[in-house]
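J.: Take a look and give me a structure for this.
(one chain, ligands or ions: 1)
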Amino acid sequence: VNVFRPHITNLVAYSSARDEFAGEATVFLDANENNWSSSGFHRYPGEEYAALKNKIAGFFGCDASSVFLGNGSDEIIDLIIRASCEPGKDKIVTCSPSYGMYGVAAQINDVEVYDVPFQNDYWDMDALQSMTNPRFKVLFICSPNNPTGAVMKREDLVKIVQSFPGTVVVDEAYIEFSAAESALELVKEFDNVIVTRTFSKAFGMAGLRLGWCVAGRNWKKVLDLIRPPYNVNVATAQEVLALDFQAVISQVATINNERERVIAFLEDQDKVIKVWPTESNFVLFEVGNAKRLYQELVDQGIIVRDRSSQIPNTLRVSVGTPEENDQFMDVLREKL
Ligand SMILES: Cc1ncc(COP(=O)(O)O)c(C=O)c1O
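T.: Now for the predicted structure:
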């Protein structure tokens, strides 16, 4: 099976000014920047990338040379599809209900989506393990899954990685909230695995747009080849370099405690039909009339996500601060 589209492997990458010179210099007249500027941001990004990758690799225990940075993990999802799937011919595989961008990114690239829906709130292992068509190029496993919160067991993930003909992308946007271990280690063992992570969720940096992934050598090379030269900006790099990762991680326990409080409340409500077990910072629940409840919440200035298009009469609520969660619960007490 060809992992990459044929023309991609033959591509010559754009070589930026910052790529072509490394060393000591004081006068930079190579990139048409404004050297009069005192903005602090008049230079294109350069050495920040290496520093960022080293910090990430050091904290998460992976090899810096296998770390790839993206403008959010959304960019990485798009790059993977574009590198691997021939428009109009190849397919990606999704497992609904899941994160919507896989399908959207595929459609933008004119790549068909083949869906293997969840069965009893878990991935359909039999169906996933019997996929042999070489046109199935990329399979997205979102674990913890958005919007249900389910986590795939490690042994199941390994089975799928071993049987799937293409690349398995494990989207771990919410892994910090889970008791499960990250699949980062799998990349060392299997070259058809990419694990994507993000600073948008537990790390509280959604506005900065920094995602990253760990990929095997061939995939890493291709991602570097096709990414826009300056896809991570200097402001983002500086903020993340200054961030105390350990302090952020300590906050997760508090968020998870709040999550358990929201879950307990929802489970206690007679009119809540189902609460999905979750290992993330959101809770999916089913009510008699999700549309009406959504509107009642909006009327009080509280916005949740209506997921009824994926699972009838469900709302997904992110775990907020204690005060926000109280406000949410107050409306439910009154209007459910
Ligand atoms: C499962 C999942 N993956 C990826 C993303 C994208 O995250 P970002 O592009 O901010 O890294 C999201 C955002 O909601 C998500 O829920």
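J.: make it CA atoms for all contacts and neighbour counts henceforth
T.: OK.
J.: Alpha carbons of the helix or strand residue 58 falls within, as CSV, please.
T.: Using DSSP states H and E, residue 58 sits within helix 48-60. This file holds the C-alpha atoms of helix 48-60, laid out as CSV (Å, rounded to 0.1, in the frame of the first residue of the first chain):
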residue,chain,number,x,y,z
GLU,A,48,11.5,28.9,18.3
TYR,A,49,10.5,25.7,16.5
ALA,A,50,13.4,23.7,17.8
ALA,A,51,13.0,25.1,21.4
LEU,A,52,9.3,24.2,21.4
LYS,A,53,9.8,20.7,20.1
ASN,A,54,12.5,20.1,22.8
LYS,A,55,10.2,21.4,25.5
ILE,A,56,7.3,19.2,24.4
ALA,A,57,9.5,16.2,23.9
GLY,A,58,11.1,16.6,27.3
PHE,A,59,7.8,17.0,29.1
PHE,A,60,5.9,14.3,27.4
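J.: Who are the contact partners of residue 99?
T.: 142, 145-147 (CA atoms under 8 Å, 6 or more residues apart in numbering).
J.: Could you measure from it over to the ligand?
T.: In this view, residue 99 and the ligand are 5 Å apart by CA to the nearest ligand atom, to the nearest Å.
J.: Over to that residue: give its phi and psi.
T.: Backbone torsions of residue 99, given as degrees, to the nearest 10, read phi -60, psi 130.
J.: Okay, buried residues for the host helix or strand of residue 297 please.
T.: Using DSSP H and E, residue 297 maps to helix 290-299. Applying a neighbour-count criterion of 16 or more other CA atoms under 10 Å, one finds 290-291, 293-294, 296-297 buried in helix 290-299.
J.: who's in contact with the helix holding residue 58?
T.: Applying CA under 8 Å, 6+ apart, the external contacts of helix 48-60 come out as 62-65, 67-69, 232, 234, 237-238, 240-241, 245.
J.: Show me how far it is from its chain's centre.
T.: With CA atoms, centre = their mean, to the nearest Å as the basis, helix 48-60 stands 18 Å off its chain's centre.
J.: pLDDT on that helix, on average?
T.: In this model, helix 48-60 has a mean pLDDT of 97.
J.: what's the following helix or strand after it?
T.: Using DSSP H and E, the helix or strand that follows helix 48-60 in sequence is strand 67-70.
J.: Neighbours of the one residue in the stretch 201-336 of the chain that gets nearest to the ligand, how many?
T.: Closest to the ligand within the stretch 201-336 of the chain is residue 211: 4.6 Å, counting by CA to the nearest ligand atom. As a burial measure, residue 211 scores 23 neighbours (other CA atoms under 10 Å).
J.: Dihedrals phi and psi, it?
T.: Per-residue torsions, residue 211: phi -120, psi 160 (degrees, to the nearest 10).
J.: Can you give me the pLDDT of it?
T.: At residue 211, pLDDT is 98.
J.: ok, what's across the strand from it?
T.: Beta bridges link residue 211 to residue 70, residue 198, judged by DSSP bridges.
J.: Check residue 193 too.
T.: Beta bridges link residue 193 to residue 168 when assigned by DSSP bridges.
J.: ok, which residues in the stretch 51-200 of the chain are in contact with the ligand?
T.: Taking CA under 6 Å from any ligand atom as the contact definition, the stretch 51-200 of the chain meets the ligand at 72-74, 99, 142, 146, 171, 173, 198, 200.
J.: Could you list which of those residues belong to helices?
T.: 72-74 (DSSP state H).
J.: For the helix holding residue 297, C-alpha coordinates in PDB please.
T.: What follows is helix 290-299, C-alpha atoms only, in PDB (Å, rounded to 0.1, in the frame of the first residue of the first chain):
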ATOM      1  CA  ALA A 290     -32.800  18.800  23.700                       C
ATOM      2  CA  LYS A 291     -33.800  21.600  21.400                       C
ATOM      3  CA  ARG A 292     -36.100  23.100  24.100                       C
ATOM      4  CA  LEU A 293     -33.500  22.800  26.900                       C
ATOM      5  CA  TYR A 294     -30.800  24.300  24.700                       C
ATOM      6  CA  GLN A 295     -33.000  27.300  24.100                       C
ATOM      7  CA  GLU A 296     -33.800  27.600  27.800                       C
ATOM      8  CA  LEU A 297     -30.100  27.700  28.500                       C
ATOM      9  CA  VAL A 298     -29.500  30.200  25.800                       C
ATOM     10  CA  ASP A 299     -32.200  32.400  27.300                       C
END
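J.: what packs against that helix?
T.: When contacts are defined as 3 or more CA pairs under 8 Å, 6 or more residues apart in numbering; DSSP states H and E, helix 290-299 sits against strand 305-306, strand 314-318, helix 322-335.
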